[in-house]
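Q: Fold the following.
(chains A, B, C and D)
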4 protein chains.
Amino acid sequence: MDDVVVDIAERPDLVEPVLIEGLPGVGNVGKIGVDHLVDVLGAVPFATIRSVHLPAQVMVDGNGVATMVSLRLFHHRRAGGDIVFLCGDFQAVDHAGQYALAEAVLDICSDLGVRSVYTLGGYSVGHFVEGPRVFAAVNSPDLVGWVRGFDVVVGEGEPGGGIVGASGLLLGLGGLRGMRGVCLMGETHGYIADPASARAVLEVLKSMLGLEADLDDLDRKAVEVERLTTQIRDLADLLEKGDGDEVGYIR
Amino acid sequence: MDDVVVDIAERPDLVEPVLIEGLPGVGNVGKIGVDHLVDVLGAVPFATIRSVHLPAQVMVDGNGVATMVSLRLFHHRRAGGDIVFLCGDFQAVDHAGQYALAEAVLDICSDLGVRSVYTLGGYSVGHFVEGPRVFAAVNSPDLVGWVRGFDVVVGEGEPGGGIVGASGLLLGLGGLRGMRGVCLMGETHGYIADPASARAVLEVLKSMLGLEADLDDLDRKAVEVERLTTQIRDLADLLEKGDGDEVGYIR
Amino acid sequence: MDDVVVDIAERPDLVEPVLIEGLPGVGNVGKIGVDHLVDVLGAVPFATIRSVHLPAQVMVDGNGVATMVSLRLFHHRRAGGDIVFLCGDFQAVDHAGQYALAEAVLDICSDLGVRSVYTLGGYSVGHFVEGPRVFAAVNSPDLVGWVRGFDVVVGEGEPGGGIVGASGLLLGLGGLRGMRGVCLMGETHGYIADPASARAVLEVLKSMLGLEADLDDLDRKAVEVERLTTQIRDLADLLEKGDGDEVGYIR
Amino acid sequence: MDDVVVDIAERPDLVEPVLIEGLPGVGNVGKIGVDHLVDVLGAVPFATIRSVHLPAQVMVDGNGVATMVSLRLFHHRRAGGDIVFLCGDFQAVDHAGQYALAEAVLDICSDLGVRSVYTLGGYSVGHFVEGPRVFAAVNSPDLVGWVRGFDVVVGEGEPGGGIVGASGLLLGLGGLRGMRGVCLMGETHGYIADPASARAVLEVLKSMLGLEADLDDLDRKAVEVERLTTQIRDLADLLEKGDGDEVGYIR
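A: The predicted structure is shown next:
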């Protein structure tokens, strides 16, 4: 097996497509967002990427059917500009694999005529956030002015540590190929899957692309996560403030 | 040395063989099960796989004789369909090695005409289990109905995290080669070698393959493990409940 | 993508240049020192090295513009002998990558006629140091006498554990190519970026090369770090010595 | 740079040489033993092995001179059969590197006509040992009887977990090339360099090879280590048994 195996079921003929990436990461913000778009837009799967740089495992679905872990590409045709979506079960397990998979994705995208890359992710702040902000980074100085026109935080020293993983590499390596790149990062706790942060990121993305997409389902998921995290916070408060008996009882 | 070195002593001529895999893993369920079958069926060794992806060490037997760690293939001829067994001292030490070794095994199996793969393993539940259940996964939707006819749990969201390692990869990569694949996972504590769970898995496997094999020795080993774990649990209980003097005494 | 990608914008024509390396490491002494020299001397960037052995990420600048992590080479022409500077965001993430990047740098340097290598770093002593000493190591016995003529500690069993990373490899691998090599290590706490230690190292380097360079900005940074570490030490003292009420208050 | 670089200064012409390996490991028993033999026998260095699988660092000697980490081969001619010694600063940092370096050593040895391999190491028992035993393992059943003729423990279920690293691989991979192999492991605490254990191993080796070599220096080192460990044990006893005041004082 080669290090990266690309299996293109049928090469779609797309008009000026953009790539939108959302792989697992901080708060799973990118993955939740892009999986949602693929779902509500009914995007069409057309390519699978398997690799020795992905975990050595299969995923098992609700019927007990196992499938190799992979990255998957979908396409969606629309008047305002076609879209290629990058989804997947995992990011690469090692640095070299991150590079190899990003290059493989960019090879496919170059062939499809992709000129712009949007990468979605979370930005961990370590605490719960009401009304998460969206941080943005670009891969060329001439994009700074444009992104400032949207409801994002850009260029105030955030994110300080750079952008790690696929969202960073597709921006950086895409730029070396002459692709415009924007990374949108939703503020998030970091330890908990965060549909509300994904929604905030998608709102910005919709504005940037003039994209129509129903986000109600993310609201429903966000309410559910909010309910669960409130329970956890109440429990944590109780454990912290409670007297000996209460703590003993909870244990 | 190549990354994977396959040494086939003599290529057996087999009729519609199935592969049965049992390498070290959770509760060592798969390894205990397949090593037992190889033993009681008197299966014949015919191939050795060595690799830089296996630990850099030798095993030393009871006479002080050292042998390179390896995967080993055995064959067993029988009326109901020949069998190839995959045994070994270790799984690969890295993800890329897991892929490389699984592909090497599948290459040999393809050459021998293997069309079905059975992978055996444990499913860790973190506590002791009376009458362990056997979870099943398959690598094709059309196998779901068939496995439901046996005494297994299939498709109820278990195993949630996928199947990691050789048992998963042989299923997934085998499926990409058109092989039917079934993974049987015996419920087990996870921290202790579990012959009882291996026995439960082999009971299902025997039904599936119409295989005759004496499992009494596993019963004896299970009784011994049961005796040891009961001692450990009693000791743990004593340490937890005991007053200061008792604890001091045990120490 | 190849494992190491060298992008030389324009090959400079240099006279008997020396290489001065300062990559991230203990107390960031080397990086602070070389980044400072590049800055005050107005050295000219001429080459970029990207690699799968560097972290899979982009750096984001103050304007929100992302750039692939890289090593960067600068040159500086002067009467006393030209200089090539090696700067970068990271060292390689694995041992093999350390070798690959060091060889790539040495390949470029060989082509430019570099005959001497100066590598800068920190030497962790685990406590705060007033007036940090500078330890030196060389890659050839005939350099020992020469370095002893400067204000350095050399050959008294320090550094005991060898020199790890780029500073060590450029010395060792450069020596195998016939390059003279000197490593200068500034005494430093190890946990805190240390401009004072970088200044001490640069003072020695200036003597060795007859180099003119203003170090005042490092003094300013050292004062700032001194102020911060004093605050931290005071706080630590307070926490250690303080009674219950005080500690409670600080928390 | 290739993964493994072999630099043979001058290929020695040897008569039926044996290889004796002693690299860093448990209690540094093998390294202490072989370094001692090289020293007292005045063995002659003839080859250096460098590799990306060794740590990315240089060693610095007492004069401040840095040298690339390496494995080194020495030869020693004598009436009873010539000897090749394998010494080094480190073992490989990864499993694949262990295989690569062992194969490189065996390639050189095959070329020199080596037919027997003796690997030396420590066997960790986790406590201090008076009169350490020497455990032996061989790479062929027909050697068991012969090693039983010496003052060693062989084939009583020790070492249970196999032999890890160079001592194991040279035995195992050497065996696949038809070389006879014996591993001698000196009982040792495991956390402390152990010249006494190295001496015990060398006594057995001297008997096996009819080798003359003065071991007095190891005795001196063993006395020094004994003195230090006794101090440590006394201190540990004091800390454990001491009342509050004493403990406070020692702290």
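Q: three-state assignment of the closest residue to chain C within the stretch 1-150 of chain A?
A: In the stretch 1-150 of chain A, the residue that lies nearest chain C is A:Q98 (3.4 Å; C-beta to the nearest C-beta). The way it works is simple: take the backbone N, C-alpha and C, and place the C-beta from them, glycine included. With DSSP: H, G, I helix; E, B strand; the rest coil as the basis, A:Q98 sits in helix.
Q: what's the answer for A:L101, then?
A: A:L101 - assigned by three-state DSSP - is helix.
Q: May I have the residues that are in contact with the nearest residue to it once chain neighbours are set aside?
A: Once flanking residues are discounted, A:L101 sits nearest to A:A92: 5.1 Å by C-beta to C-beta, 6 or more residues apart in numbering or on different chains. By C-beta atoms under 8 Å, 6 or more residues apart in numbering or on different chains, the contact set of A:A92 is A:S51, A:H53, A:L54, A:Q98, A:A100, A:L101, A:A166, C:A56.
Q: quick one, what contacts the second one?
A: By C-beta under 8 Å, 6+ apart, A:H53 lies in contact with A:D3, A:V4, A:A92, A:V93, A:D94, A:A96, A:G97, A:Q98, A:A100, A:L101, B:H95, B:A96.
Q: could you redo the last one with a cut-off of 10 Å?
A: Residues near A:H53 by C-beta atoms under 10 Å, 6 or more residues apart in numbering or on different chains: A:3-4, A:90-101, A:104, B:95-96, B:99.
Q: which among those residues end up buried?
A: Neighbour counting with 16 or more other C-beta atoms under 10 Å in any protein chain shown marks A:4, A:90-101, A:104, B:95-96, B:99 as buried within these.
Q: surely A:E224 meets A:I192?
A: No: between A:E224 and A:I192 there is no contact under C-beta atoms under 10 Å: 11.6 Å.
Q: The two: which has the busier surroundings?
A: More crowded of A:E224 and A:I192, by other C-beta atoms under 10 Å in any protein chain shown: A:I192, with 14 against 11.
Q: Report the beta-bridge partners for the closest residue to A:I163 other than its chain neighbours.
A: Of all residues not flanking A:I163 in the chain, C:V58 sits nearest, at 5.2 Å (C-beta to C-beta, 6+ apart). C:V58 forms beta bridges with A:I163, C:M68, as assigned by DSSP bridges.
Q: Please name the residues that touch C:V58.
A: By C-beta under 10 Å, 6+ apart, C:V58 lies in contact with A:137, A:139, A:159, A:162-165, A:167-173, A:175, A:181, A:183, C:65-69, C:89.
Q: Go again with 8 Å.
A: C:V58 neighbours (C-beta under 8 Å, 6+ apart): A:A137, A:N139, A:G162, A:I163, A:G168, A:L169, A:L171, A:G172, C:A66, C:T67, C:M68, C:V69.
Q: for A:R220, same thing?
A: Neighbouring residues of A:R220 by C-beta under 8 Å, 6+ apart: there are none.
Q: Figure out the helix or strand that it lives in.
A: Applying DSSP states H and E as the criterion places A:R220 in helix A:216-241.
Q: Ok, A:G30 next?
A: Using DSSP H and E, A:G30 falls within helix A:29-41.
Q: got the contact list for that helix?
A: Residues outside helix A:29-41 that contact it (C-beta under 8 Å, 6+ apart): A:20-25, A:43, A:74, A:76, A:83, A:85-88, A:119-122, A:167, A:185-186, A:188, A:193-195, A:197-199, A:201-202, A:205, A:213-215, A:217-218, A:221.
Q: again with stretch A:60-70
A: By C-beta under 8 Å, 6+ apart, stretch A:60-70 touches A:48-50, A:54-55, A:57-59, A:88-90, B:136-141, B:144, B:147, B:154-155, B:157-160, B:162-163, B:168-169, B:171-173, B:175-176, B:181, B:183.
Q: before we move on, the earlier item: what separates the helix holding A:R220 from the chain centre, distance-wise?
A: Taking C-alpha atoms, centre = their mean, to the nearest Å, the mean C-alpha location of helix A:216-241 is offset from the chain mean by 22 Å.
Q: Now the residue nearest to A:L101. Its backbone dihedrals?
A: A:A92 adopts backbone torsions of phi -60, psi 150, taken as degrees, to the nearest 10.
Q: any idea how far D:V153 is from A:E10?
A: 67 Å (C-beta to C-beta, to the nearest Å).
Q: That should have said A:L71, apologies.
A: 54 Å.
Q: Who has more neighbours out of the two?
A: Higher neighbour count among A:L71 and D:V153: A:L71, with 25 against 17, using other C-beta under 10 Å.
Q: Contacts only, for the more buried one.
A: A:L23, A:T48, A:I49, A:S51, A:L54, A:L86, A:C87, A:G88, A:L101, A:V105.
Q: helix, strand or coil for the second one?
A: Per three-state DSSP, the secondary structure class of A:T48 is strand.
Q: Pairing partners for it in the sheet, please.
A: Counting by DSSP bridges, A:T48 forms beta bridges with A:D7, A:R72.
Q: what pLDDT does A:E240 get?
A: pLDDT for A:E240: 69.
Q: which parts of chain A sit against chain C?
A: Residues of chain A found near chain C (C-beta under 8 Å from any C-beta of the partner chain) are A:92, A:95-96, A:98-100, A:102-103, A:136-141, A:144, A:147, A:154-160, A:162-165, A:168-169, A:171-173, A:175-176, A:181, A:183.
Q: Filter the residues you listed down to the buried ones and express that as a ChimeraX selection.
A: Only the buried entries of these go into this ChimeraX selection, using 16+ other C-beta under 10 Å:
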select /A:92,95,96,98,99,100,102,103,136,137,138,139,140,144,147,154,155,158,159,162,163,164,165,168,169,171,172,173,175,181,183
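Q: Near chain B, which residues of the stretch 1-150 of chain A are found?
A: Within the stretch 1-150 of chain A, the positions adjacent to chain B are A:1, A:3, A:52-69, A:93-94 by C-beta under 8 Å from any C-beta.
Q: Please list only the buried members of those.
A: By 16+ other C-beta under 10 Å, these give A:1, A:52-60, A:64-69, A:93-94 as buried.
Q: so what's the residue lying closest to A:D219 once chain neighbours are set aside up against?
A: Sequence neighbours aside, A:R199 is the residue nearest to A:D219 in space, at 6.7 Å (criterion: C-beta to C-beta, 6+ apart). Contact analysis of A:R199 by C-beta under 8 Å, 6+ apart lists A:G33, A:L215, A:L218, A:D219, A:A222.
Q: Serialize those to JSON lines and add fields for neighbour count.
A: Shown next, in JSON lines, are those (neighbours: other C-beta atoms under 10 Å in any protein chain shown):
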{"residue": "A:G33", "neighbour count": "29"}
{"residue": "A:L215", "neighbour count": "19"}
{"residue": "A:L218", "neighbour count": "23"}
{"residue": "A:D219", "neighbour count": "13"}
{"residue": "A:A222", "neighbour count": "19"}
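Q: which two in these are spaced the farthest apart?
A: A:G33 and A:D219 (13.1 Å; C-beta to C-beta).
Q: any idea which element the residue nearest to A:A222 when sequence neighbours are not counted lies in?
A: Nearest residue to A:A222 in three dimensions, chain neighbours excluded: A:A196, at 3.9 Å (C-beta to C-beta, 6+ apart). Applying DSSP H and E as the criterion places A:A196 in helix A:195-209.
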